[in-house]
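>>> Give the three-dimensional model of this entry:
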Amino acid sequence: MMRHEYDRHFKEWLLRRTRLRRLLRPLPRRSNLHRYPVVKWFAERARRHPFLWSFKRAQIIPALYVGSVISLAPVYGIQILLAFAAALIFRANLTVMVALQFLTNPLTVVPIYAATGWLGATLMRYFGLGSELPTALFYTNALFIGGIVVGLLFAFFADMTWRALAWEARRFKQRLQQLRLKADAADVLALRETAD
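Down below sits the predicted model:
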């Protein structure tokens with residue numbers, strides 16, 4: 001009975017791992033850097049820095065916050081290059097940082113920039129900032145301010161989600177280890193009983 005429960009839990013763990021790998025497959029990893037037009041120029045340097053590939057908290061948190069701000073800032077077209085540089089500077093996970101850059105793509109860039117620009121302009125007017133600026137410069141600043149604010153809010157919710165998922169994954173793994181120990185103990189006990 002104990003072995004059956006362990007096997008069921010182990011199959012669930014394998015299924016979760018397969019789903020995660022499938023989700024991460026199109027994103028940059030050490031083994032596939034050569035496929036990315038911009039990042040491939042820095043492939044050798046990127047391979048030398050293990051923190052770029054680490055999924056530990058110290059690398060994920062800066063990747064979420066800095067990557068979200070870059071993805072929503074009005075720098076469309078050079079985002080991945082900026083994400084790579086930021087990952088090196090902040091010692092952040094490159095995979096997460098680049099994945100966040102796909103928030104703004106040809107289909108979403110206009111509505112995202114319209115929303116962040118509106119929010120930035122609203123905040124600037126509320127705080128009385130930039131009223132003396134020419135209109136083009138005012139809205140350029142509004143795009144950056146709105147991108148930073150929305151990026152930080154998005155990163156906060158992504159951070160909370162990541163922490164909850166990481167906590168659940170640790171609990172799942174602990175349960176798997178407990179079940180394995182119990183199943184092994186039950187197997188040893190069953191062998192002793194059959195030997196007697």
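
>>> mean confidence score for stretch 164-184?
Regarding stretch 164-184, the rounded mean pLDDT is 87.

>>> Buried ones in that stretch, by neighbour count?
Neighbour-count burial for stretch 164-184 flags 179, 183 (criterion: 16 or more other Cβ atoms under 10 Å). Bear in mind the C-beta positions are built from the backbone N, C-alpha and C, glycine included.

>>> So what touches that stretch?
The list of residues contacting stretch 164-184 from outside it, by Cβ atoms under 8 Å, 6 or more residues apart in numbering, reads 2-3, 5-6, 9-10, 12-13, 16, 57.

>>> Put together TSV for those, with pLDDT on each row.
Formatted as TSV, the entries for the contacts of stretch 164-184 read as follows, by pLDDT from 0 to 100:
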residue	pLDDT
M2	64
R3	73
E5	81
Y6	78
H9	79
F10	81
E12	85
W13	82
R16	83
R57	90
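
>>> what about the residue nearest in space to the middle of the chain, distance to S71?
With distances taken as Cα atoms, centre = their mean, the residue of the chain nearest its centroid is V96 (3.6 Å). V96 sits 11 Å away from S71 when distances are taken as Cβ to Cβ, to the nearest Å.

>>> By neighbours, which of the contacts of stretch 164-184 wins?
Y6 (21 neighbours; other Cβ atoms under 10 Å).

>>> Dump the helix-or-strand element of the chain with minimal mean pLDDT to PDB, keeping only the CA atoms.
Scoring the helices and strands of the chain by mean pLDDT, DSSP states H and E places helix 43-47 at the bottom, with a mean of 71. What follows is the C-alpha trace of helix 43-47 in PDB, where atoms were taken according to Å, rounded to 0.1, in the frame of the first residue of the first chain:
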ATOM      1  CA  ALA A  43      27.200  32.800 -25.700                       C
ATOM      2  CA  GLU A  44      30.800  32.100 -24.400                       C
ATOM      3  CA  ARG A  45      30.600  34.700 -21.700                       C
ATOM      4  CA  ALA A  46      27.100  33.600 -20.700                       C
ATOM      5  CA  ARG A  47      28.200  30.000 -20.300                       C
END
